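# My questions are about this predicted structure, shown below with the sequence.
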Amino acid sequence: MTDKMPIAVLGCGGWGKNIVRTVNGLGCLKSVVDPTEQGRQTAASLAPEAEVFENPEPVFADPAVKGVMIATPAETHYTLARAALEAGKDVFVEKPLTIDVEEAHQLVDQAAKTGRVLMVGHLLEYHPAVLKLHEMIQAGELGNIRYLISNRLNLGKIRTEENALWSFAPHDIAVILRLVGALPFEVVATGGSYLTANIADVTVTQLLFDNGVRSHIFVSWLHPFKEQKLVVIGSKKMASFDDVAKELVLYDQRVDWHEGQPIPVRGEGQLVDFPGAEPLKEECLHFIERMADRRPPRTDGLNGLRVLQILHAAQRSLVTNGQPVPFSLDWRSGDGAVGEVKPFRPPVSAAREEVVGAHAQG
C-alpha cells in the first residue's frame, strides 16, 4: 500500500500526531512536516522511517507523494491545501476546511477542476456508532425524526484563540446534517464569555429544518463533568449515543394519542451493537480508498463547506445576541442575508503566530 498511496502529514501537534501514528500504522506514511522542533521530534519518534521536514516545499515537489493530510492551525488550511492541490496531490484537511467561506469555495472548485480528492476531517462521521445510528434512521426504525440534542461538555482544554462554537460544534453539525439528511433554513446561537473577552466559553446553537426538525447543540469547556452525548427523538422510538461510555441505546418510547390526549409509552432501552473499529483509522482508510478509486469521500469538500457556512451563520447569530440568521448556500450572492456575514477570524495568540506564519509560508 505504501508504494501505491504514499502520504505526507503536515502538522504533528496535538491531533496531527494521532494522524501520523495512524497513517504510519497503515503503511502509507512517507513524510511529516512540522515547523517546530518539538513536532519534528515527535514525528521522528512515532515514525522513524518517515522523512521529516521543517517546511512543506519538499513534499509538494515530491512526485512520489500522492496524498497530503493537513492537521495544522485552521488559519493555515487554505494556503496549504491550495498549494497541495496545485502540486497535484489529493488532500485531506482537518476541520474546519478553512476559516473563510470564499476560500473554501475556491478549494472545492479547484479540486473539482483538477480531479483531485478533497476530504474534510469530520471524525464522528466515521464513528461506527454514528454509522449504525444513521442506518437505523434510514431504515425507519425511529420513525419520523422530530428533534436532536447534542451535548459536548467538559472542563477541558480552554482555548483563548477561538471560541467553543468553532472548537467543538463542527463535529455535531456534521453529524446532525448527516442524520437529518437536509440543510437548515435558519440558525440561532447564543453564548457567554466568562474567561477571555469575546471568546465564548459556552454556546447553544439551534438549527431549524424545512421538515420541522429542530436540533440543539450545547458546547462548553466550562462544565463540571465530561459529556459527549447525542439524543435523537423519533415518532416511533428514541436513541442516544454516549461517546464517553461508548454506548448506543435504542429506546422503545414514544407518545401515542388516545381520545385526543397524548399518552407517553415507556419501554426499556436496549444496547445496540456496533463494530469496535477506531474512528480515526476508519477515516484515514477512507481517504486512502478514495485516493485509489477516485470516488467522492463521505466528507468531501462540499460537506466541509456546508458545515463552515453553518458555523458562520451561528457566529453571526452569536454576536447579535441570538438573532435568527436565515441560512443560504450562496454566501457570494450578496443578497442581504447570510452573504453579508464577514468572515470570522479568531484572534491568534502571540505564541502561535510563529507556527502559523511558518506554515503559511509553505
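Structure's in. What do you need?
# Now do the end-to-end distance for stretch 239-249.
6 Å (CA to CA, to the nearest Å).
# now do stretch 60-78
Stretch 60-78 has its terminal residues 15 Å apart, counting by CA to CA.
# What is the distance between it and the centre of its chain?
Taking the mean of its C-alpha atoms, stretch 60-78 sits 17 Å from the chain's own mean (CA atoms, centre = their mean, to the nearest Å).
# Show me which residues of that stretch are buried.
For stretch 60-78, a neighbour-count test (16 or more other CB atoms under 10 Å) marks 60, 62, 65-78 as buried. Yep, even glycine has a C-beta here, placed from its N, CA and C like the rest.
# Over to stretch 85-104?
85, 87, 89-101, 103-104.
# end to end, how far does it reach?
End-to-end distance for stretch 85-104: 13 Å, by CA to CA.
# Need the three-state assignment for the residue lying closest to Gly234 once chain neighbours are set aside.
Spatially, and ignoring its direct neighbours in sequence, Gly234 is nearest to Leu142 (2.9 Å; CB to CB, 6 or more residues apart in numbering). Classification of Leu142 by DSSP: H, G, I helix; E, B strand; the rest coil places it in coil.
# can I assume Leu142 is in contact with Glu135?
No: using CB atoms under 8 Å, Leu142 makes no contact with Glu135, being 11.1 Å away.
# who's more crowded, the two?
Using other CB atoms under 10 Å as the criterion, Leu142 and Glu135 rank with Leu142 on top: 23 against 11.
# What is the burial count for Met190?
For the record, residue 190 is Thr, not Met. Thr190: 17 surrounding residues under other CB under 10 Å.
# where along the stretch 201-350 of the chain do the strands fall?
202-209, 214-220, 227-234, 238-242, 247-251, 254-258, 261-265, 269-271, 325-326 (DSSP state E, counting those that start in this stretch).
# about what we covered before: which of the buried residues of stretch 85-104 fall in helices?
Within the buried residues of stretch 85-104, residues falling in helices by DSSP state H are Leu85, Val101, Glu103, Ala104.
# How about the contacts made by the last one?
Ala104 makes contacts with Tyr78, Leu97, Thr98, Gly301, Gly304, Leu305, Leu308, as judged by CB atoms under 8 Å, 6 or more residues apart in numbering.
# now these in TSV, with distance to Leu222 and pLDDT?
Listed next are the contacts of Ala104 as TSV, based on distance: CB to CB, whole Å; pLDDT from 0 to 100:
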residue	distance to Leu222	pLDDT
Tyr78	30	98
Leu97	27	96
Thr98	27	95
Gly301	33	97
Gly304	28	96
Leu305	30	96
Leu308	25	96
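# Identify, from those residues, the entry nearest to Glu247.
Nearest to Glu247 out of the contacts of Ala104 is Gly304 (CB to CB; 28.7 Å).
# my guess is that closest one contacts Val93, does it?
Yes: assessed by CB under 8 Å, Gly304 is found in contact with Val93 at 7.1 Å.
# Centre-most residue in the protein?
His122 (3.3 Å; CA atoms, centre = their mean).
# residues near the residue nearest to that residue when sequence neighbours are not counted, how many?
Nearest residue to His122, sequence neighbours excluded (CB to CB, 6+ apart): Ala174, at 3.9 Å. Number of residues near Ala174 (other CB under 10 Å) recorded here: 24.
# pretty sure Ala174 contacts Gly121?
No: using CB under 8 Å as the test, Ala174 is too far from Gly121 to be in contact (9.8 Å).
# Can you name the residues that contact Glu94?
Shown in contact with Glu94 (CB under 8 Å, 6+ apart): Trp15, Gly16, Ile19, Ile70, Ala71, Thr72, His77, Val120, Gly121.
# With secondary structure and pLDDT as added columns, please give those in TSV.
Formatted as TSV, these follow (DSSP: H, G, I helix; E, B strand; the rest coil; pLDDT from 0 to 100):
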residue	secondary structure	pLDDT
Trp15	coil	95
Gly16	helix	97
Ile19	helix	98
Ile70	strand	98
Ala71	coil	97
Thr72	coil	96
His77	helix	97
Val120	strand	98
Gly121	strand	97
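# farthest pair in those residues?
Most distant of the contacts of Glu94, by CB to CB, are Gly16 and Val120, 15.3 Å apart.
# of these two, who's got more company?
Neighbours per residue (other CB under 10 Å) separate Gly16 from Val120, with Val120 holding more: 31 against 23.
# Now do the contacts for the more buried one.
Residues counted as contacts of Val120 (CB under 8 Å, 6+ apart) are Phe92, Val93, Glu94, Lys95, Pro96, Leu97, Thr299, Asp300, Gly301, Asn303, Gly304, Val307.
# Report how many residues lie close to the last one.
So that's Val307. The local packing count at Val307 equals 25, with neighbours defined by other CB under 10 Å.
# going forward can the numbers begin at 37, since that is how I track them
Sure, I'll start numbering at 37, so the last one becomes Val343.
# wait, what's in contact with it?
Neighbour list for Val343: Lys131, Pro132, Leu133, Val156, His158, Pro206, Ile209, Ala210, Leu213 [criterion: CB under 8 Å, 6+ apart].
# Touching, the fifth one and Lys131? I think so.
Which is His158. Yes: counting by CB under 8 Å, His158 touches Lys131, with 5.7 Å between them.
# Common neighbours of the two, please.
With CB under 8 Å, 6+ apart, His158 and Lys131 have common neighbours Pro206, His207, Ala210, Gly340, Val343.
# how about those residues, which pair is most distant?
Using CB to CB, the shared contacts of His158 and Lys131 span at most 12.5 Å, a distance reached by His207 and Gly340.
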